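Novice: using only what follows, build the 3D model:
(6 chains)
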Number of protein chains: 6
Amino acid sequence: MEKKDQGPGIQAGGLSHVRQGADGSESHMVDVGSKPVTQRRASAAARVRFPAGLLPAIRAGSGPKGPIEEVARVAGILAAKSCGDLIPMCHPLGLDWVEISFHDEAEDCLEVRCTAACEGRTGIEMEAMVGASIAALTVYDMTKALDHGIRIEAVRLLEKSGGKSGHWRAP
Amino acid sequence: MEKKDQGPGIQAGGLSHVRQGADGSESHMVDVGSKPVTQRRASAAARVRFPAGLLPAIRAGSGPKGPIEEVARVAGILAAKSCGDLIPMCHPLGLDWVEISFHDEAEDCLEVRCTAACEGRTGIEMEAMVGASIAALTVYDMTKALDHGIRIEAVRLLEKSGGKSGHWRAP
Amino acid sequence: MEKKDQGPGIQAGGLSHVRQGADGSESHMVDVGSKPVTQRRASAAARVRFPAGLLPAIRAGSGPKGPIEEVARVAGILAAKSCGDLIPMCHPLGLDWVEISFHDEAEDCLEVRCTAACEGRTGIEMEAMVGASIAALTVYDMTKALDHGIRIEAVRLLEKSGGKSGHWRAP
Amino acid sequence: MEKKDQGPGIQAGGLSHVRQGADGSESHMVDVGSKPVTQRRASAAARVRFPAGLLPAIRAGSGPKGPIEEVARVAGILAAKSCGDLIPMCHPLGLDWVEISFHDEAEDCLEVRCTAACEGRTGIEMEAMVGASIAALTVYDMTKALDHGIRIEAVRLLEKSGGKSGHWRAP
Amino acid sequence: MEKKDQGPGIQAGGLSHVRQGADGSESHMVDVGSKPVTQRRASAAARVRFPAGLLPAIRAGSGPKGPIEEVARVAGILAAKSCGDLIPMCHPLGLDWVEISFHDEAEDCLEVRCTAACEGRTGIEMEAMVGASIAALTVYDMTKALDHGIRIEAVRLLEKSGGKSGHWRAP
Amino acid sequence: MEKKDQGPGIQAGGLSHVRQGADGSESHMVDVGSKPVTQRRASAAARVRFPAGLLPAIRAGSGPKGPIEEVARVAGILAAKSCGDLIPMCHPLGLDWVEISFHDEAEDCLEVRCTAACEGRTGIEMEAMVGASIAALTVYDMTKALDHGIRIEAVRLLEKSGGKSGHWRAP
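Specialist: Numbers count the residues shown, from 1 in each chain, chains lettered A, B, ... in the order given. Alright, predicted model coming up:
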């Protein structure tokens, strides 16, 4: 049966999802079948930055505490569960946990954090990144009528554990 | 038949997706049934920032030109088409066009831009924002093995046209 | 081009989605292409019935007001938008509005109502029925740890308007 | 790495999916990572009640036996498999089996039963509840042209086994 | 606002979904915003070919008439409705009709035909092609235990109408 | 708890997904809960056949190498991961690997091959068949403007391994 060929298919330039085919570089999905099953956990964050003065006004009114955060949490959790449908080279994973939380980061900034956990053969960084991103985009959607200049910043991995590469924490 | 009640249901603090219910503020979807159908267009962008020196090395090798950009483009287009499934309060829209393009922004930065167009009763900013975000997350997924400190920055609306509020362009 | 044959394909026993084929009755989707586009609106409801005394206790605590209702609302809205993916013979529709609200029905009963609206060639009863059902199932999911005997009752259409059959209201 | 905090995050009022956050109660998904993997099975049912005399007439004609039941079965099986996409706080599960069957319950009532089985860390009640509900809604969709007053009743769990709480059977 | 650039973006070699970008050819989705809305219809077919003698035996037994055809019909209709989620460069379309029918083609061959109709700005060939393919794959899935050598042949467009290119019929 | 009844529910005519119910044959999903978990692998192929002379012209121009193949690869991988949502009686599976490759088969024919691998209780032939089919349909979509007579041929299983039936290779 066709095996992941080792000759021409060697990974190109260290990129895990690109390899040299007969006619140039091409994308591919990593075969994780021989990796051990371990406990995996990853946390990511995204910041929603509001124009000066807008977030305090929202906080004094009806949001984002309450409905906006709940809607964004659900959107983020559902998106994390659908990560394998959204990010083409991601493996479909059975998640044990997804948590979305909201944190006040300075006067004009709301931070969304997403932690995901599973037992599997590959990392779940993308589940956490997608969960944080879609939750932040939902906050944007529900506040953009106030100012279209609201933006999402610093979507980034905070920490991950499990697997061969072990524990990684953002500097 | 139950109408969007105007009394207690007035929008809370200018937030289009929150209103005051009998027991406190609650989320709601905007009824766009009485808005006119117009040509809508929106562009958004997201930046993928690489640790110093990494992107030039990738460019000298097998990416992100070629496979990575094509995979990210497809992911972004599919996500823009699924926007109504991802962002809870978004209306499902029949898109006429989605375009994802990649731009070199300084030595360590790749910018993803997404433009979406449709004829409809409500704006398509979220389709453009989601398309740019998922395309950028796909670039992250396909390069993260090189450095988990790659991050996505400045997911923002660039421009929108159509509808009552007319043409808006980011300052 | 193959037309919806009128001979053997006549609807069986008044059932709109069954017709007589050459080898027996078979399912089919109704061709709505020649129906006029009109404003459509439909409301449906589902009741979540709790074992005696449980709902007052929940109300005195942390739910279902607040998080549970917001999560159920989002689930119901998303499901209404996905109706054409869930109910095989339903036409995919672009919704203008979905509203999910919660009503106290007697001491042990929470009623979920869903109203959907669109401009289209076919009714949106199923969008309202699916929205109410999935919202009620979400309430069940988030309270079932208290008692697995909670049940959903009386999923039913309340009212519909638009289209040839006009306004219908449950007796 | 961020842990499911035990202090303020204690479950609110016994509700498994609500906890007390810093700013009030909020929804959350249960972390099942430390639960043992066991064989899980759950059965649920939903009743479709027809106005007096209608179901016997349908039975004498072309349904619901045959096409309607097959279409409803497929809809129910697919929905059970998608349960984690529909019910926000549900874990995505790899099902080993889904069965949808139809039972005559009195003259005016068709009962839909759904049984789901998997090997996993958490129960699959929701998969069975969702499968039965969507199958019943599909029967409604395919018969509603005869009478919009058809309704779905008594969506309820019949039985479940596996996991810490063991075997439960509806009284 | 960024327009579909006409200079470097000219379609490459007549391929509607490829254009020359600054760094080589790249995929793109066609902008159909300026095309007129017309009635569209398309029919496609796929043949399921069985090893000699197998299909007559199945026909003498419990299939494929009945359950297998109903399950395949539902799968094909649902897939046609999801075409825009499956085929990346396809526009999401609101279908007015999808029909799946089965035809005996010689002793060892079952033909699946799918017709789709909508009112829109672009053709629905892909909806018909995807509907026929997934229905045929479902027949394969439900009969493959008898012989894995069953295969699908001749997935092809039969006819299409509507739009600038007018009526086309397979030779 | 309701068991897969062995009496009337015996599989009909050797068809794994059809059984005799009280009122005739009906579809059902196989219960794989008692099957052992083994390494599973399957390869399938689909051929895209072009009218004489067309493919060499495309090859001399901008495709299908490059963008078209990358877009088709992504579509095929995503479809293989969604197989359980598309093929009703398929079990949802967590894939370890999906590979889509393209091969020149004679002057007028492009062959798409898809290999899928997982560790599970049931085969993944359908994942490979669906992946190859949707990738081939995407090639069709992106070239059909040149000639609607392009067709897909010979969607077939090439090989499978794992499970009780062991290694199977197409003759």
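Novice: for the spatially most central residue of chain A, helix, strand, or coil?
Specialist: In chain A, the C-alpha nearest the mean C-alpha coordinate belongs to A:Met129, at 0.9 Å (Cα atoms, centre = their mean). For A:Met129, the secondary structure call by DSSP: H, G, I helix; E, B strand; the rest coil comes out as helix.
Novice: okay, it: pLDDT?
Specialist: Listed pLDDT for A:Met129 reads 98.
Novice: wait, doesn't it sit right on A:Leu157?
Specialist: Yes: using Cβ atoms under 8 Å, A:Met129 is in contact with A:Leu157, at 6.5 Å. All C-beta atoms are positioned from the backbone trio N, CA, C, and that covers glycine.
Novice: which stretches in chain A count as helices?
Specialist: A:54-60, A:67-81, A:83-86, A:125-143 (DSSP state H).
Novice: can stretch A:39-58 be said to contact chain D?
Specialist: Yes: using Cβ under 8 Å from any Cβ of the partner chain, stretch A:39-58 comes into contact with chain D via A:39, A:41, A:43.
Novice: how near is A:Cys90 to B:Val18?
Specialist: According to Cβ to Cβ, to the nearest Å, A:Cys90 and B:Val18 sit 33 Å apart.
Novice: filter the residues of stretch A:39-58 next to chain D down to the buried ones, ChimeraX style.
Specialist: Command for ChimeraX that selects the buried part of the residues of stretch A:39-58 next to chain D, burial taken from 16 or more other Cβ atoms under 10 Å in any protein chain shown:
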select /A:41,43
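Novice: show me the contacts for the residue nearest to the centre of chain A.
Specialist: A:44, A:114, A:155, A:157, B:137, B:140 (Cβ atoms under 8 Å, 6 or more residues apart in numbering or on different chains).
Novice: rebuild these as JSON lines, extending it with distance to F:Ala79.
Specialist: Below are the contacts of A:Met129 laid out as JSON lines (distance: Cβ to Cβ, whole Å):
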{"residue": "A:Ala44", "distance to F:Ala79": "27"}
{"residue": "A:Cys114", "distance to F:Ala79": "27"}
{"residue": "A:Val155", "distance to F:Ala79": "27"}
{"residue": "A:Leu157", "distance to F:Ala79": "28"}
{"residue": "B:Leu137", "distance to F:Ala79": "20"}
{"residue": "B:Tyr140", "distance to F:Ala79": "23"}
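Novice: for the residues you listed, give me JSON lines that also has neighbour count.
Specialist: Output for the contacts of A:Met129, formatted as JSON lines (neighbours: other Cβ atoms under 10 Å in any protein chain shown):
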{"residue": "A:Ala44", "neighbour count": "29"}
{"residue": "A:Cys114", "neighbour count": "30"}
{"residue": "A:Val155", "neighbour count": "26"}
{"residue": "A:Leu157", "neighbour count": "24"}
{"residue": "B:Leu137", "neighbour count": "30"}
{"residue": "B:Tyr140", "neighbour count": "24"}
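Novice: tally up the residues packed near A:Ala57, please.
Specialist: 12 (other Cβ atoms under 10 Å in any protein chain shown).
Novice: would you mark the buried spots in stretch A:51-58?
Specialist: Of the residues in stretch A:51-58, those with enough neighbours to count as buried (16+ other Cβ under 10 Å) are A:54-55, A:58.
Novice: I meant stretch A:99-115, not that one.
Specialist: Those would be A:99-102, A:105, A:108, A:110-115, for stretch A:99-115 by 16+ other Cβ under 10 Å.
Novice: take that stretch, keep the C-alpha atoms, and write them as CSV.
Specialist: Taking Å, rounded to 0.1, in the frame of the first residue of the first chain, the C-alpha atoms of stretch A:99-115 are listed here in CSV:
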residue,chain,number,x,y,z
GLU,A,99,-12.7,26.8,27.8
ILE,A,100,-13.2,30.4,26.7
SER,A,101,-12.6,33.2,29.2
PHE,A,102,-12.5,37.0,29.0
HIS,A,103,-10.0,39.3,30.6
ASP,A,104,-9.7,43.0,30.9
GLU,A,105,-6.4,44.1,29.4
ALA,A,106,-6.0,47.8,29.9
GLU,A,107,-8.7,50.3,29.5
ASP,A,108,-9.3,49.7,25.8
CYS,A,109,-8.6,46.1,25.4
LEU,A,110,-10.6,42.9,26.0
GLU,A,111,-8.5,39.7,25.9
VAL,A,112,-10.1,36.4,24.9
ARG,A,113,-8.4,33.2,26.0
CYS,A,114,-9.1,29.7,24.9
THR,A,115,-7.8,26.5,26.3
